[in-house]
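[1] 3D model of this:
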Amino acid sequence: MRRALLGEIEGTCITRAKSDKISHEYSTIMGIQESVHEILMNLKEIVLRSNLYGTCEASICVKGPGYVTAQDIILPPYVEIVDNTQHIASLTEPIELVIGLQIEKNRGYLIKRQIPFKIEVIL
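    Residues are numbered from 1 along each chain as shown. Next up, the predicted model:
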């Protein structure tokens, strides 16, 4: 019964984050209060809504100091954020944070294998 119910769940979420400044998930970035792991957990909590099946690209491009919230995500027109005030990171110095995001809408519960030595961080 559980497998049947999980197979019918439909949703849109951020599945991948990529940045040139991030070498691995457990690193820290000078000028950002949160660790990379905390930023990834904040990205996973963002609730999205979409009419399109498949994958699409989005990005975050912010200059500090300041707070990065869900409203700073640059999305395609057919994807929307349910709560724009969700916190992502706090920039404490005048640095630029650039993160590429992959968004997927699909049906069912999937567990993806992580490929070793891949620079991208899969959420």
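
[2] Please make it C-alpha for all contacts and neighbour counts, starting now.
    Fine.

[3] Now do the helices in this protein.
    Along the chain, the segments classed as helices by DSSP state H run 2-7, 36-44.

[4] Any idea which of those has the lowest pLDDT on average?
    Mean pLDDT is lowest for helix 2-7 among the helices of the chain, at a mean of 73.

[5] Output the contacting helices and strands for that one.
    Using 3 or more C-alpha pairs under 8 Å, 6 or more residues apart in numbering; DSSP states H and E, no helix or strand is in contact with helix 2-7.

[6] Just the CA trace of the strand ranked longest in the chain, in PDB.
    Longest strand of the chain, by residue count under DSSP state E: strand 96-107. In PDB, the C-alpha atoms belonging to strand 96-107 read as follows (Å, rounded to 0.1, in the frame of the first residue of the first chain):
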ATOM      1  CA  GLU A  96      28.900  37.200  -5.200                       C
ATOM      2  CA  LEU A  97      27.000  34.000  -4.700                       C
ATOM      3  CA  VAL A  98      26.200  32.200  -8.000                       C
ATOM      4  CA  ILE A  99      24.400  28.800  -7.900                       C
ATOM      5  CA  GLY A 100      22.900  27.000 -10.800                       C
ATOM      6  CA  LEU A 101      19.800  24.900 -10.000                       C
ATOM      7  CA  GLN A 102      18.000  22.000 -11.700                       C
ATOM      8  CA  ILE A 103      14.300  21.700 -11.000                       C
ATOM      9  CA  GLU A 104      12.300  18.600 -11.800                       C
ATOM     10  CA  LYS A 105       8.600  17.800 -11.800                       C
ATOM     11  CA  ASN A 106       7.800  14.100 -11.700                       C
ATOM     12  CA  ARG A 107       5.500  11.500 -10.300                       C
END
